[in-house]
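1. Return a 3D structure for these sequence lines:
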Amino acid sequence: MKKFLFIFIFNIFLFADILNQNNLNVLRALDINEGFLYYKPLKEKYDEYYYRKKRYFINILENGYDILPIIRKSILKSNIPSPLISVAMAESYFTLNAKSHKKATGLWQFMPSTAKKFGLKIDEYVDERRDPIKSTKAAIEYLKYLHKFFGKWYLAVMAYNAGEARVVEAVVRAKVDKLCEKLGKKCKKDKRIKEYRKIIRDYQREGRKKFLPLYKLYKKLDYIQIDLEDLLRFQKGLKRQYLPKETRDYILKVLALSFLFSNDEFLKYSNSYILNSGVTPEFVRVNVSPGTSLYYVARFLNINYKNLRKKNMQLKYSFTPPYKYYIYIPYKKLAFFKTHFKSKGRFLYVYKVKKGDTLLKIAKMYGIKVKMIKDYNKLGKYLRVNQKLIIPLNERFVKYKVKPGDTLNKIALKFGVSYKKIKRINRLKSNIIRVGEVIKIPQKL
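-> Numbering: from 1, shown residues only. As a prediction, this is how the structure comes out:
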């Protein structure tokens with residue numbers, strides 16, 4: 001009895017700074033057992049952030065001053081748990097152009113396929129994974145989808161990092177092991193356990209091909225209860241743990257950051273305005289014409305170009321795409337913009353240099369001067385194969401003079417557009433074209 005009392009008192013003393021109502025609320029919001037507050041690796045992660053890296057995280061919050069309110073407002077409006085703000089912090093430290101070695105990009109570190117699935121545009125001109133507002137909305141929808149799939153927020157967070165299939169496998173393995181523990185010595189001979197373990201092995205060997213049987217087993221074992229600590233338990237002698245080390249660290253990181261953000265002393269130290277800012281938006285979205293230059297907008301609004309560029313990281317270039325698009329400008333400039341701004345956008349096209357290309361040849365192809373290509377691209381004398389050039393077009397169409405041997409199909413292939421489109425725009429009644437005739441070629445925007 002004395003030994004038990006000593007351990008209890010020791011634990012209270014050891015975990016004193018983490019045992020509070022705010023942190024319990026974080027666990028409850030993410031469907032995590034309250035006893036997880038006593039999980040030692042979580043305490044160690046929190047101590048690392050609060051006692052050794054406090055100033056580092058304050059700097060990150062200050063750098064994300066105009067991004068954090070957007071995330072906070074969107075999350076509160078969508079009625080998902082507020083601790084999920086920490087997912088963005090864990091993913092990118094509020095850096096819009098953050099990149100991973102796995103080709104994930106942006107504030108929420110979306111992979112291209114997932115980004116497109118949740119409505120983010122990625123093409124030659126834009127990457128909306130770097131748009132703080134659009135990417136946050138997409139991340140919220142993705143997290144909601146994962147929560148609907150798993151039924152628990154902490155599983156959704158881990159699946160955001162590791163993928164749905166990997167978390168399904170982890171849950172199934174943990175539940176099978178728990179079932180085995182209940183069976184005791186009978187486990188090794190139990191036919192069900194052998195069948196379950198075979199399904200797991202088949203998935204581990206063949207991946208997607210064998211995911212359906214694994215998923216069916218996941219649904220079948222729904223009656224077995226496990227918690228987060230079960231999934232994080234280290235299994236001796238196994239190279240493949242329930243979850244990858246990255247994901248085990250990730251969930252602890254998200255929780256430790258959530259504890260940090262709900263710590264009154266930390267907020268006092270950080271000047272709590274950082275987390276409570278955003279009553280008035282710092283910047284707003286406005287629609288502009290194709291090819292609008294950010295340099296021009298910055299000069300017109302009398303603001304710093306670099307700051308404007310930072311607010312528009314969704315643009316891959318210093319101009320908007322050759323189709324109708326938007327930019328973000330400072331909120332305080334909105335009234336002036338609406339009253340006085342007249343877009344001087346031009347159609348800008350990105351051309352990839354091919355073998356045999358010269359500046360003169362490219363200029364003639366698009367009906368512009370060589371100097372214009374040089375000026376827009378700050379070129380010297382030579383071009384490189386696969387080099388990308390910004391081509392400032394005078395209009396949506398290139399005027400092309402038909403040469404001997406030309407056919408509509410050959411011209412269409414040369415410019416990468418449909419010959420039917422060329423026919424329609426030039427109101428041609430047949431496929432016949434004459435040498436010397438000038439026709440309009442629509443740009444592939």
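
2. okay, CA-based contacts and neighbour counts for the rest of this
-> OK.

3. so where's the stretch 51-200 of the chain uncertain?
-> Across the stretch 51-200 of the chain, nothing is flagged by pLDDT under 70.

4. Look up how far residue 245 lies from residue 229.
-> Applying C-alpha to C-alpha, to the nearest Å, one obtains 14 Å for the distance of residue 229 from residue 245.

5. Could you do residue 319 as well?
-> Distance, residue 319 to residue 245, by C-alpha to C-alpha: 41 Å.

6. The two: which has the busier surroundings?
-> Just comparing residue 319 and residue 245: by other C-alpha atoms under 10 Å the higher neighbour count belongs to residue 319, 24 against 11.

7. my read: that one touches residue 293, true?
-> Yes - in terms of C-alpha atoms under 8 Å, residue 319 counts as a neighbour of residue 293; the distance is 4.3 Å.

8. Okay, strands next: where are they in the stretch 201-350 of the chain?
-> Counting by DSSP state E, counting those that start in this stretch, the stretch 201-350 of the chain has strands at residues 283-288, 325-330, 347-352.

9. and residue 94, which of these is closest to it?
-> Relative to residue 94, the nearest member of those by C-alpha to C-alpha is strand 283-288, separated by 16.3 Å.

10. neighbouring strands for that closest one, and are they parallel or not?
-> strand 325-330 (antiparallel) (DSSP bridges).

11. Show me what residue 398 is bridged to.
-> residue 441.

12. so how far is residue 112 from it?
-> From residue 398 over to residue 112 (counting by C-alpha to C-alpha), the distance is 32 Å.

13. Those two - which one has more neighbours?
-> The residue with more neighbours, out of residue 398 and residue 112 and counting by other C-alpha under 10 Å, is residue 398; that gives 20 against 16.

14. From residue 174, how far out is that one?
-> According to C-alpha to C-alpha, residue 398 and residue 174 sit 63 Å apart.

15. Next, count neighbours for residue 143.
-> The tally of other residues near residue 143 (other C-alpha under 10 Å) stands at 19.

16. I'd assumed residue 156 was in contact with it.
-> Yes - using C-alpha under 8 Å, residue 143 is in contact with residue 156, at 6.3 Å.

17. Share the number of residues neighbouring residue 338, please.
-> Residue 338 has 10 neighbouring residues, counting by other C-alpha under 10 Å.

18. can you pull the contacts of residue 320?
-> With C-alpha atoms under 8 Å, 6 or more residues apart in numbering as the criterion, the residues that contact residue 320 are 125, 289, 290, 291, 292, 293, 294, 326, 327.

19. where does the fourth one land on pLDDT?
-> Pointing back at residue 291 there. As predicted, residue 291 sits at a pLDDT of 82.

20. And it, how close does it get to residue 392?
-> With the distance defined as C-alpha to C-alpha, residue 291 ends up 9 Å from residue 392.

21. Could you do the last one as well?
-> With the distance defined as C-alpha to C-alpha, residue 327 ends up 20 Å from residue 392.

22. again with the first one
-> With the distance defined as C-alpha to C-alpha, residue 125 ends up 14 Å from residue 392.

23. could the contacts of residue 320 go into a markdown table alongside distance to residue 152?
-> What follows is these, written out as a markdown table (distance: C-alpha to C-alpha, whole Å):
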| residue | distance to residue 152 |
| --- | --- |
| 125 | 38 |
| 289 | 44 |
| 290 | 44 |
| 291 | 45 |
| 292 | 45 |
| 293 | 46 |
| 294 | 44 |
| 326 | 37 |
| 327 | 37 |
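
24. Now, the residues you listed that are in helices?
-> With DSSP state H as the criterion, helices contain residue 294 from among these.

25. Closest to residue 423 out of the contacts of residue 320?
-> Checking the contacts of residue 320 against residue 423 by C-alpha to C-alpha gives residue 290 as the nearest, at 24.4 Å.

26. burial measure for that closest one, as a count.
-> Here the neighbour count serves as a burial measure; for residue 290 (other C-alpha under 10 Å) it reads 21.

27. can you check residue 40 too?
-> One way to gauge burial is a neighbour count; for residue 40, by other C-alpha under 10 Å, it gives 12.

28. Dump stretch 32-48 to PDB, keeping only the CA atoms.
-> Extracted C-alpha coordinates of stretch 32-48, given in PDB (Å, rounded to 0.1, in the frame of the first residue of the first chain):
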ATOM      1  CA  ILE A  32      -8.200  10.500 -26.400                       C
ATOM      2  CA  ASN A  33      -8.400   8.800 -23.000                       C
ATOM      3  CA  GLU A  34      -7.700  11.200 -20.100                       C
ATOM      4  CA  GLY A  35      -5.100   8.800 -18.700                       C
ATOM      5  CA  PHE A  36      -2.900   9.700 -21.700                       C
ATOM      6  CA  LEU A  37      -1.800  12.700 -19.700                       C
ATOM      7  CA  TYR A  38       0.500  10.300 -17.800                       C
ATOM      8  CA  TYR A  39       2.100   9.000 -20.900                       C
ATOM      9  CA  LYS A  40       5.800   9.800 -20.300                       C
ATOM     10  CA  PRO A  41       6.900  10.500 -24.000                       C
ATOM     11  CA  LEU A  42       4.100  13.100 -24.200                       C
ATOM     12  CA  LYS A  43       5.400  14.800 -21.000                       C
ATOM     13  CA  GLU A  44       8.900  14.700 -22.400                       C
ATOM     14  CA  LYS A  45       7.800  16.300 -25.700                       C
ATOM     15  CA  TYR A  46       5.900  19.000 -23.900                       C
ATOM     16  CA  ASP A  47       8.800  19.800 -21.600                       C
ATOM     17  CA  GLU A  48      11.100  20.000 -24.700                       C
END
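
29. Now do the buried residues in that stretch.
-> 32, 37, 42, 43, 45, 46, 47 (16 or more other C-alpha atoms under 10 Å).
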